[in-house]
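Student: Need the 3D shape of this:
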Amino acid sequence: MFIFLGVSKINFKIIIFLNKMKVSFYIVFLVSILFKSLSPVYANNVLNKITVALDGSGDYKSIQEAITACGAFPADQKTIFIKNGIYKEKVLIDSFHSNISLVGESTEKTIITYDNYAGQAGIGTFTSYTLKVLGNNIKIENLTIENSSGRVGQAVALHVEGDYFIANNCKVLGNQDTLYAAGENSRQYYTDCLIEGTTDFIFGSATAIFSKCNIHSKANSYITAANTAKETQFGYVFFKCTLTADPNIDKVYLGRPWREFANVAFINCFLGKHIRSEGWHNWDKPEREKTAFFAEYGNYGPGSETGKRVKWFQLLSKSKLKEFTVKNIFKVQNQWLLDSANL
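Tutor: Sure thing, here's the model as predicted:
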């Protein structure tokens, strides 16, 4: 308190009031500094792990709310733990959402499902997804992703275009066009997953590795429909996968070229008896036989015999096989060689 001689009572009260205001200001200032210093700690301990539960016991009841809460381009990895339940919602991980992991409590009981399909009002193949991933550095684990619309045509369960995508111990369920693994500069890794469908149920332009996955056919049709870019060295590569089918399914092709330069390889996989002896189809476009790269090596099982395969498929040599390493497949391949002088 400051004391001034010769001032009136009114002025004295004003001086006391002003000094109290200064004290209050300094208290607020110090508290704000303290909060700012502690907020990263709070974020690391709480905000970097979010729980979703339908019964309200978590931070959010919906997966989409939790993704939104992660904010745009988070610097730290965000983990969204999803408790068991059937989550009927259409989920989008947009391009500005990155470094996010969706981890289910259990693959069998943590289910994300929706029932859009091409032909509904305002819905086409590429908007029929249940889960769509456009952001980079996204991982999903211990989840079932399902399109439950049934056999009504094109209906995507999982749509991925982001780079550095990982799916571990997941089920991707649907019928036609179950998994859209797309994006010419997208690298995707699926391990220990079940992927099932009827027609073209793994399709798109991404570079994707499927390691130790169960690829299950529900109809006499086609497994893959790749539209790999001309400049891309690798498309879909299946390592040590198991190809199975529903009972009475016995006429399934490994793939057909959605566009020119389709690129698919099955390496050291079990091929069930449902795989046709020809192995591959040209989509009734013979000209695509000249550009497609459909390859096999070291497969086993009743569907693996290559004696009656189409003439234009590739039986990999041991020297060519050496190129098929994870490091080599996922290296940056495409470069933009822009000649500014001609602009």
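
Student: I'd say A206 and V160 touch.
Tutor: Yes - contact criterion Cβ atoms under 8 Å: A206 and V160 qualify, at 7.0 Å. Where you see a C-beta, it was placed from the backbone N, CA and C, and this is true even at glycine.

Student: Now list whatever residues contact both of those two.
Tutor: A181, A182, G183, S186, Q188 (Cβ atoms under 8 Å, 6 or more residues apart in numbering).

Student: Identify the farthest-apart pair in those.
Tutor: Greatest spacing in the shared contacts of A206 and V160, by Cβ to Cβ: A182 and Q188 (9.2 Å).

Student: which of those two has more neighbours?
Tutor: Using other Cβ atoms under 10 Å, the more surrounded residue of A182 and Q188 is Q188, with 26 against 18.

Student: contacting residues for the more buried one?
Tutor: Applying Cβ under 8 Å, 6+ apart, the residues near Q188 are V160, F165, I166, A167, A181, A206, T207, A208, I209.

Student: repeat for F313
Tutor: F313 neighbours (Cβ under 8 Å, 6+ apart): G279, W280, F294, A295, E296, T306.

Student: Tell me how many other residues crowd the residue nearest to the fifth one when sequence neighbours are not counted.
Tutor: Nearest in space to E296, with sequence neighbours left out and distances taken as Cβ to Cβ, 6 or more residues apart in numbering, is F266 at 5.1 Å. Counted with other Cβ under 10 Å, the neighbours of F266 add up to 30.

Student: Okay, and F266 sits in which element?
Tutor: strand 263-267 (DSSP states H and E).

Student: what mean pLDDT does that strand have?
Tutor: Taken as a whole, strand 263-267 has a mean pLDDT of 98.

Student: go on, stretch 292-304?
Tutor: Stretch 292-304 comes out at a mean pLDDT of 98.

Student: between the contacts of F313, which is closest to N214?
Tutor: Nearest member of the contacts of F313 to N214, counting by Cβ to Cβ, is E296, at 18.3 Å.

Student: Now name the helix or strand holding that closest one.
Tutor: With DSSP H and E as the test, E296 turns up in strand 293-297.

Student: Check which strands are paired with the helix or strand just after that strand and give the direction for each one.
Tutor: Downstream of strand 293-297, the first helix or strand assigned by DSSP H and E is strand 314-315. On the basis of DSSP bridges, the sheet neighbours of strand 314-315 come out as strand 293-297 (parallel).

Student: residues contacting the residue nearest to the spatial centre of the chain?
Tutor: For the chain, V160 is the residue whose C-alpha lies nearest the centre (Cα atoms, centre = their mean; 4.4 Å). Applying Cβ under 8 Å, 6+ apart, we find V160 in contact with K132, V133, L179, Y180, A181, A182, G183, S186, Q188, A206.

Student: gap between the two ends of stretch 90-105?
Tutor: End-to-end distance for stretch 90-105, by Cα to Cα, to the nearest Å: 19 Å.

Student: cool, and stretch 210-219?
Tutor: 21 Å.

Student: What residues sit buried inside that stretch?
Tutor: F210, S211, C213, N214, I215, H216, S217, K218, A219 (16 or more other Cβ atoms under 10 Å).

Student: Which of those sits closest to S319?
Tutor: The closest of these, once distances to S319 are taken by Cβ to Cβ, is S211, at 22.3 Å.

Student: Now A219: closest residue in space that isn't a chain neighbour?
Tutor: T198 (3.8 Å).

Student: Tell me how far that neighbour lies from S98.
Tutor: Separation of T198 from S98 (Cβ to Cβ, to the nearest Å): 33 Å.

Student: F81 too?
Tutor: 18 Å.

Student: now D250
Tutor: According to Cβ to Cβ, D250 and S98 sit 44 Å apart.

Student: I195 too?
Tutor: 24 Å.

Student: Which parts of the stretch 51-200 of the chain are strands?
Tutor: 78-82, 85-88, 91-93, 100-104, 110-114, 131-133, 138-141, 144-147, 158-160, 165-168, 171-173, 179-181, 187-191, 194-197 (DSSP state E, counting those that start in this stretch).
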